[in-house]
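Undergrad: got a predicted structure plus its sequence, pasted below:
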Amino acid sequence: MIHKPLLLIPFLLAGFVACSTNPETESPISQTAEELKTSHNKPAKSRHKHHPEGVISVDVANFDNRLHLLTGKNQQGKKTLWYQQSDDGGETWTLAHKILGDNLPVKMTRGNDAQITAQGENIVVTWTKFDKTRRFKAGVMLAARSSDNGKTWQYSAAPPDWEKGPHGYIDLAADTHAMHAVWLDSRNGKASVKASQGLRYAKSTDAGLSWSTNQSLDELSCSCCWNTISTDEKGNAYVLYRDKQPSDLSIGVINTKQQWQWLNHVGAFNWQFDGCPHIGGGFDFQTTAGKDRIHAVVGTGHPEYLGIHYSYSDDAGKNWSSAKSLGDESATHSDIAAHDKGHVVTVWDMMTEYGLAVFYAKSTDQGNNWSKPNQISKSGMRATHPNIVKTEKGFLIVWTENDGKKQTLATKIL
């Protein structure tokens, strides 16, 4: 049974911080109900906590039924990136290969993770550089590339053509035609709207050796929510990102001619918020019986719609179904994946009587009906930021769990 937490609205809003343009801030830190009762009477504390020991960054991608896993680790202040792959849907993994060195200049945290994508044996990873001379110690985007299936790595060209940075909240995608990258930066100066940056895009047609001239997709994007990019079978690149005025998630598409079109809000909550919610979403494509559908899950802090919500589009993102709430009001970070056989799975984290935990719900009829939430993380562990990817056999879910001493990677095969 799911125990609904006390003071759900204060719990969510306590994590949303009104801030200036900021490409790198920590994710909200959960509070107990007792702490929340007194939090408004205490002076504000810094939200920049020390990173936990262990796994502090996770990303996973599937190309041609091979899974590519990137983990970032913190060991006594030293940051490293590690690569592994699986050809059996995540049941077994290769030995981890360390990428580049024992102490990389990398600024990463859950919600602003280092990213990975692949085309065959060509693999690209990107991250925000740790730069102690910059505000929030966030610098330019850096990239590394392997052309031998992850055995050896070299620094490579990064997608941004604006070299000052900082760049943050990166996402990567690849298909047989190209690699794609989206991120946030403030190359055009400080915006008049609080907590906003510009959403940028670049494309590589040589497996990450070089990148196209950057496109500015939206000059008023939220400054601290993760972005999601994925391509359909025609090579069109769709981008899900948090907009401003209102702060709902928007979706748009870059066609094969490099033309950008804003499509719609996914979940029209009309959430007017000047701060940084640190909440993104996810989407996936599905073709069943000749019918194309886009499935999406989004989070919002609107007081009347707190939590995460599922919606679908049958016209390539132009119009969306009514939003269906999954979980309760404390549900925050979410992702979704869909199989052409009709199965759709949504994952998210939310509060229980024992703290934050990871749940999933499944639909067997293209998202029309959903199962009850099922907890998959261990009780007593702070479990957050689940990601899901479809595999040839089913689905793989990855997230991190923290026992107060060390943060570890957790996985579940469905």
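TA: Arrived safely, thanks for sending.
Undergrad: buried stuff in stretch 257-276?
TA: 260, 263-267, 269, 271, 273, 275-276 (16 or more other CB atoms under 10 Å). Every residue, glycine included, has its C-beta placed from N, CA and C.
Undergrad: so which of these sit within strands?
TA: 260, 263-265 (DSSP state E).
Undergrad: so where is the stretch 1-150 of the chain shaky, pLDDT-wise?
TA: 1-49 (pLDDT under 70).
Undergrad: sorry, back to before: quick one: which two of the buried residues of stretch 257-276 are the most distant?
TA: Pairwise distances among the buried residues of stretch 257-276 were taken by CB to CB; the largest, 26.7 Å, belongs to 260 and 275.
Undergrad: re the thing from before, pLDDT and distance to residue 183 added to the ones in strands among the buried residues of stretch 257-276, as CSV?
TA: CSV is the format used below for those (pLDDT from 0 to 100; distance: CB to CB, whole Å):
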residue, pLDDT, distance to residue 183
260, 98, 15
263, 98, 20
264, 98, 22
265, 98, 21
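Undergrad: any chance of a markdown table for the buried residues of stretch 257-276, columns distance to residue 187?
TA: Output for those, formatted as a markdown table (distance: CB to CB, whole Å):
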| residue | distance to residue 187 |
| --- | --- |
| 260 | 17 |
| 263 | 24 |
| 264 | 26 |
| 265 | 25 |
| 266 | 26 |
| 267 | 29 |
| 269 | 29 |
| 271 | 27 |
| 273 | 24 |
| 275 | 22 |
| 276 | 19 |
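Undergrad: nearest to residue 53, of those residues?
TA: residue 276 (25.9 Å).
Undergrad: surely the closest one meets residue 223?
TA: Yes. Using CB atoms under 8 Å, residue 276 makes contact with residue 223 at a distance of 6.2 Å.
Undergrad: tell me how far residue 74 lies from residue 406.
TA: 10 Å (CB to CB, to the nearest Å).
Undergrad: could you pull out the strands for the stretch 51-200 of the chain?
TA: Counting by DSSP state E, counting those that start in this stretch, the segments of the stretch 51-200 of the chain that form strands are 53-63, 66-75, 78-86, 97-98, 106-107, 115-119, 122-130, 138-146, 154-156, 168-174, 179-185, 196-204.
Undergrad: these: which one's closest to residue 412?
TA: Ranking those by proximity to residue 412 (CB to CB) places strand 53-63 first, at 12.3 Å.
Undergrad: and that closest one, how far out from the chain's middle?
TA: 11 Å (CA atoms, centre = their mean, to the nearest Å).
Undergrad: just the CA coordinates for it, please, in PDB.
TA: Output of strand 53-63 as PDB, limited to C-alpha atoms (Å, rounded to 0.1, in the frame of the first residue of the first chain):
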ATOM      1  CA  GLU A  53      30.200   8.800  -2.500                       C
ATOM      2  CA  GLY A  54      29.500   6.400  -5.400                       C
ATOM      3  CA  VAL A  55      27.300   6.800  -8.500                       C
ATOM      4  CA  ILE A  56      26.300  10.400  -9.000                       C
ATOM      5  CA  SER A  57      25.400  10.300 -12.700                       C
ATOM      6  CA  VAL A  58      23.600   7.700 -15.000                       C
ATOM      7  CA  ASP A  59      22.600   7.600 -18.600                       C
ATOM      8  CA  VAL A  60      21.600   4.600 -20.800                       C
ATOM      9  CA  ALA A  61      20.900   4.400 -24.600                       C
ATOM     10  CA  ASN A  62      19.900   1.700 -27.000                       C
ATOM     11  CA  PHE A  63      21.200   1.500 -30.500                       C
END
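Undergrad: so which elements touch it?
TA: Counting contacts by 3 or more CB pairs under 8 Å, 6 or more residues apart in numbering; DSSP states H and E, strand 53-63 is packed against strand 66-75, strand 115-119, strand 168-174, strand 382-390, strand 395-402, strand 406-413.
Undergrad: what lines up beside that strand in the sheet?
TA: When sheet partners are counted by DSSP bridges, strand 53-63 sits next to strand 66-75 (antiparallel), strand 406-413 (parallel).
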